[in-house]
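Participant: sequence plus the predicted model coming up.
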Amino acid sequence: MSAPAGTVIFAADDPGDELSLLDILDHVLNQGVILRGNLIISLAGVDLVYVGLDVILTSVETALRHIAASALPPQRE
Amino acid sequence: MAAELTQHDDRVLYLYGISELLPADLPQEIGVALAKIEAVECGGVVCWVSWVPGIDFERNLARNMENLDWLAEASVAHQRVVSAIAKQTEILPARFGTVFRSGTSLRQHVRGRTRHLKRDFERVRGADEWGVKVFGITMQSAAVPKIQSKVHSGKDYLKAKAALRPKRREAAGTDGDLKKFQEALNRVARETAKVGNISSGQRGLAFQTSLLIKRQDRKKLESVLRKFSESWENRRRIECTGPWPPYSFVSRAEGERSK
C-alpha cells in the first residue's frame, strides 16, 4: 500500500481482499503462535519480509486465487 | 451445523475461534486446507472448527510455516473465516495453528477454560482491533545507502543489505511527535497491544501498534489519525488496517501474562 504523504490509508472493511499478507500475519500470528518464527521471518539473518515483500504479496494473491478457485457450489452432505 | 463431531482418520480438528452465540447466517467461507467449517456447541459456547489433515497441521506445522505459499493460503483462510464470524457475533480468535486430536480433547480444553473465556468475551465486547503503522518518508531517496562491496552470493547480498538497515530505523524511532501520537491513540483505545512480529522489518517503519477500539469510537480513531497525518504531511505516512477480529486481545495460555 502506498499513497501520497498526508493521507491516512484505511483497509479494509472487507478483509482479505485489500490487506497484505504482512498485515494478516502480523495480526493472525500476533498471539505468539509458535513463531518458529525466527525461521519464518529470518533468512540469512535478515527479516524475510524486508527482503521478500514482493514474494509475500505474490503469495497472498496466489492464496486468494487458489481459495477462490476452490469455491465450488456447496455440496450437500 | 454439526452438534456432534465425527472422528476422521488421520485428521485433526483445527480451531478458528470461539463465539458465545451461533449466528443466524453461518459463514460461507472455505476453511483452511479447503475444509468445511463446522460449528460445535461446547459447554455453553460455540467452537468453530474444520477437520484438516494431521500430517500438515500437527506433525509438519512448523515446517509448513516456513513455506510461504502454504502459510499464505492457510493464514488467509483462517483470517477470512474468523472475520466472517466476527461480522456477526463476538469471537475470540484462536491462535493460528491450534489443533485438537479429537472432539473430546477440544471439549475438555474449552470446558477447562470457561472462566477465562467469559472474561475475554467481556474484554472484547463491542470492540474491534485496528492496526496502525507510521512510516517515515525519506526525501533524499537518491542518497539511500547502497551496497558497495562486491557480493558473491544471495546470502552475502542479504547480509550486506541488513547491515544498512539499523541506521534508518534508529533515525525514525525517537521522536516526541510519535510519543504524542501514541498517547492520543491510548486515549481513544480501550487497550493497546504490541504487534509486528512479522512486519517489523518493513522499510521506513517508525511506529506500530494494535488497538482495541469500541465500535462507537471508530470516528475518534479516524479523527486522531487525520489530525496527525495532516500535521506530518510530507514527513510521515500513516497506514491503518481494520476492523480486525480481536486477535491481539485474547488471553494467552495459562502461565503467560494475560493483561
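Facilitator: Alright, I've got the coordinates.
Participant: drop to CA atoms for contacts and neighbour counts, all remaining ones
Facilitator: OK.
Participant: per-residue pLDDT, the residue nearest to residue B:15 when sequence neighbours are not counted?
Facilitator: Distances taken as C-alpha to C-alpha, 6 or more residues apart in numbering or on different chains place residue B:49 nearest to residue B:15, at 4.6 Å, with adjacent residues excluded. Listed pLDDT for residue B:49 reads 94.
Participant: beta partners of residue B:49?
Facilitator: residue B:15, residue B:38 (DSSP bridges).
Participant: was I right about it contacting residue B:37?
Facilitator: Yes - assessed by C-alpha atoms under 8 Å, residue B:49 is found in contact with residue B:37 at 5.8 Å.
Participant: higher neighbour count, these two?
Facilitator: Between residue B:49 and residue B:37, counted using other C-alpha atoms under 10 Å in any protein chain shown, residue B:49 has the larger neighbour count: 28 against 23.
Participant: in the stretch 51-200 of chain B, which residue sits nearest chain A?
Facilitator: Using C-alpha to the nearest C-alpha, the single residue of the stretch 51-200 of chain B nearest to chain A is residue B:73, 4.4 Å away.
Participant: let me know how buried the closest residue to chain A within chain B is, in neighbour terms.
Facilitator: Of all residues in chain B, residue B:233 sits closest to chain A, at 4.0 Å by C-alpha to the nearest C-alpha. Residues within reach of residue B:233, counting by other C-alpha under 10 Å, total 16.
Participant: and residue B:63, what pLDDT?
Facilitator: 76.
Participant: which SSE is it in?
Facilitator: Using DSSP states H and E, residue B:63 sits in helix B:61-64.
Participant: quick check: buried residues in that helix?
Facilitator: By 16 or more other C-alpha atoms under 10 Å in any protein chain shown, the buried positions in helix B:61-64 come out as B:61-62, B:64.
Participant: swap in stretch B:220-231?
Facilitator: In stretch B:220-231, counting by 16+ other C-alpha under 10 Å, buried: B:220-221, B:225-226, B:228-229.
Participant: dump those into TSV; add secondary structure, distance to chain A and pLDDT as well.
Facilitator: Shown next, in TSV, are those (DSSP: H, G, I helix; E, B strand; the rest coil; distance: C-alpha to the nearest C-alpha, whole Å; pLDDT from 0 to 100):
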residue	secondary structure	distance to chain A	pLDDT
B:220	helix	14	95
B:221	helix	11	95
B:225	helix	7	94
B:226	helix	6	91
B:228	helix	9	93
B:229	helix	5	91
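Participant: and the residues you listed, which two are furthest apart?
Facilitator: B:220 and B:229 (14.0 Å; C-alpha to C-alpha).
Participant: what about the chain, any weak spots by pLDDT?
Facilitator: No chain in the question, so chain A it is. For chain A, the stretches flagged by pLDDT under 70 are A:1-19, A:30-64, A:66-67, A:70-77.
Participant: wrong one, I was asking about chain B
Facilitator: B:1-4, B:139-174, B:196-201, B:251-259.
Participant: next SSE after the longest helix along it?
Facilitator: In chain B, taking DSSP state H as the definition, the longest helix is helix B:68-86. Going down the chain from helix B:68-86, the next helix or strand is strand B:91-93, by DSSP H and E.
Participant: and the stretch 1-150 of chain B, which residues reach chain A?
Facilitator: B:30, B:34, B:62, B:65-69, B:72-73, B:75-77, B:79-80, B:83, B:95-97, B:137 (C-alpha under 8 Å from any C-alpha of the partner chain).
Participant: SS state for residue B:52?
Facilitator: Classification of residue B:52 using DSSP: H, G, I helix; E, B strand; the rest coil returns strand.
Participant: count the residues that sit near it.
Facilitator: 22.
Participant: what separation is there between it and residue B:7?
Facilitator: 11 Å (C-alpha to C-alpha, to the nearest Å).
Participant: for stretch B:73-88, buried residues please.
Facilitator: Those would be B:73-86, B:88, for stretch B:73-88 by 16+ other C-alpha under 10 Å.
Participant: now do stretch B:87-104
Facilitator: B:88-103.
Participant: can you name the two of the residues you listed that are farthest apart?
Facilitator: Largest pairwise distance in those, by C-alpha to C-alpha, is 28.1 Å, between B:88 and B:101.
Participant: in which helix or strand does residue B:213 reside?
Facilitator: strand B:205-214.
Participant: just the CA trace of that strand, in CSV.
Facilitator: Output of strand B:205-214 as CSV, limited to C-alpha atoms (Å, rounded to 0.1, in the frame of the first residue of the first chain):
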residue,chain,number,x,y,z
LEU,B,205,8.5,1.7,9.7
ALA,B,206,8.8,4.1,12.6
PHE,B,207,5.9,3.1,14.9
GLN,B,208,3.4,0.2,15.0
THR,B,209,0.7,-0.7,17.4
SER,B,210,-2.5,-2.7,17.7
LEU,B,211,-5.6,-1.0,19.3
LEU,B,212,-8.8,-2.4,20.7
ILE,B,213,-11.4,0.3,19.8
LYS,B,214,-15.0,0.4,20.8
